[in-house]
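Trainee: Structural data only, the sequence is not supplied:
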């Protein structure tokens with residue numbers, strides 16, 4: 001079940017903390033950078049968490065979950081609700097080695113926080129496989145379009161209406177596009193963000209997302 005991690009109640013740009021029966025106003029800090037919230041989608045083990053470094057702009061996400069595939073997903077998610085067309089880009093680096101070749105670090109667009117939600121993601125697997133995965137409608141099967149190059153460190157996912165494209169490559173290089181996917185049943189708003197799945201229900205994996213850029217794309221005139 002998805003859960004929010006926050007002990008602060010935001011009111012008009014301030015946060016209220018209850019101390020000795022009194023509400024104390026404190027300046028609100030954006031502890032997730034450009035994103036709004038974090039939590040588990042589906043069943044994950046204890047210890048999932050996210051940390052944003054304002055100094056470096058990096059997101060360090062530790063997540064668990066059996067998989068993001070077939071008809072249901074389990075992973076840890078940092079997200080923001082977005083209306084309309086959007087582009088999300090990030091460099092991805094795994095922390096440590098792992099026997100789980102299909103651990104997944106993802107840039108993802110989801111219809112909802114339900115485990116069986118329709119979605120599309122640009123995913124970096126632990127073994128270097130990179131693909132655009134998608135579930136066209138709730139609780140249907142997941143499919144994928146595999147990138148030509150293994151192990152790219154920079155990914156981008158772009159939504160324009162029902163059309164989704166993944167781009168992949170290395171920093172400083174021109175990113176290469178996959179064939180588009182055009183039949184995902186998204187309705188605004190959608191959940192856009194970063195996630196990590198360990199691919200083993202009882203373990204955790206950690207990935208670092210850097211140079212993260214979220215752009216809401218204005219409709220063409």
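Mentor: That came through fine. Quick caveat, the model's predicted, so the values are computed rather than measured. Numbers count the residues shown, from 1 in each chain.
Trainee: which strand in the chain runs the most residues?
Mentor: Longest strand in the chain, counting residues (DSSP state E): strand 200-216.
Trainee: Name all residues that make contact with the residue nearest the centre of the chain.
Mentor: With distances taken as CA atoms, centre = their mean, residue 194 lies nearest the centre of the chain, 2.0 Å away. The neighbours of residue 194, taking CB atoms under 8 Å, 6 or more residues apart in numbering as the test, are 35, 59, 61, 77-79, 90, 105-108, 209, 212. Backbone N, C-alpha and C define where each C-beta goes, glycine included.
Trainee: Drop anything exposed from the residues you listed.
Mentor: Neighbour counting over the contacts of residue 194 (16 or more other CB atoms under 10 Å) leaves 35, 59, 61, 77-79, 90, 105-108, 209, 212 as the buried ones.
Trainee: any chance of the residues you listed in a markdown table, plus pLDDT?
Mentor: As requested, those are arranged in a markdown table below (pLDDT from 0 to 100):
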| residue | pLDDT |
| --- | --- |
| 35 | 98 |
| 59 | 98 |
| 61 | 98 |
| 77 | 98 |
| 78 | 98 |
| 79 | 98 |
| 90 | 98 |
| 105 | 98 |
| 106 | 98 |
| 107 | 98 |
| 108 | 98 |
| 209 | 98 |
| 212 | 98 |
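Trainee: Would you format those as CSV with secondary structure and distance to residue 133 included?
Mentor: Written out in CSV, the entries for those read as follows (DSSP: H, G, I helix; E, B strand; the rest coil; distance: CB to CB, whole Å):
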residue, secondary structure, distance to residue 133
35, coil, 21
59, strand, 20
61, strand, 18
77, strand, 15
78, strand, 18
79, strand, 17
90, strand, 16
105, strand, 12
106, strand, 8
107, strand, 11
108, strand, 9
209, strand, 17
212, strand, 20
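Trainee: and which of the residues you listed is nearest to residue 123?
Mentor: Within these, the smallest distance to residue 123 is 4.6 Å, found for residue 106 (CB to CB).
Trainee: Return the residues in contact with that closest one.
Mentor: Listed by CB under 8 Å, 6+ apart, the contact set of residue 106 reads 68, 75, 121, 122, 123, 124, 133, 194, 195, 196, 197.
Trainee: any idea how far residue 42 is from the second one?
Mentor: Applying CB to CB, to the nearest Å, the value for residue 75 to residue 42 is 7 Å.
Trainee: what's the nearest residue to residue 187 once chain neighbours are set aside in contact with, if anything?
Mentor: Leaving aside its chain neighbours, residue 187 sits nearest to residue 111 (6.9 Å; criterion: CB to CB, 6 or more residues apart in numbering). Residues near residue 111 by CB under 8 Å, 6+ apart: 117, 118, 119, 138, 185, 186, 187, 190, 191.
Trainee: And the last one, how close does it get to residue 34?
Mentor: Residue 191 sits 14 Å away from residue 34, going by CB to CB.
Trainee: Likewise for the second one?
Mentor: Note on residue 118: its distance to residue 34, by CB to CB, is 23 Å.
Trainee: One more: the third one?
Mentor: When CB to CB is the yardstick, residue 119 and residue 34 sit 20 Å from each other.
Trainee: More neighbours: which of the two?
Mentor: More neighbours surround residue 119 than the other of residue 119 and residue 34, with 26 against 16 (other CB atoms under 10 Å).
Trainee: For the residue nearest to that one when sequence neighbours are not counted, the count of nearby residues, please.
Mentor: Leaving aside its chain neighbours, residue 119 sits nearest to residue 110 (4.3 Å; criterion: CB to CB, 6+ apart). Other residues within reach of residue 110 by the criterion other CB under 10 Å amount to 22.
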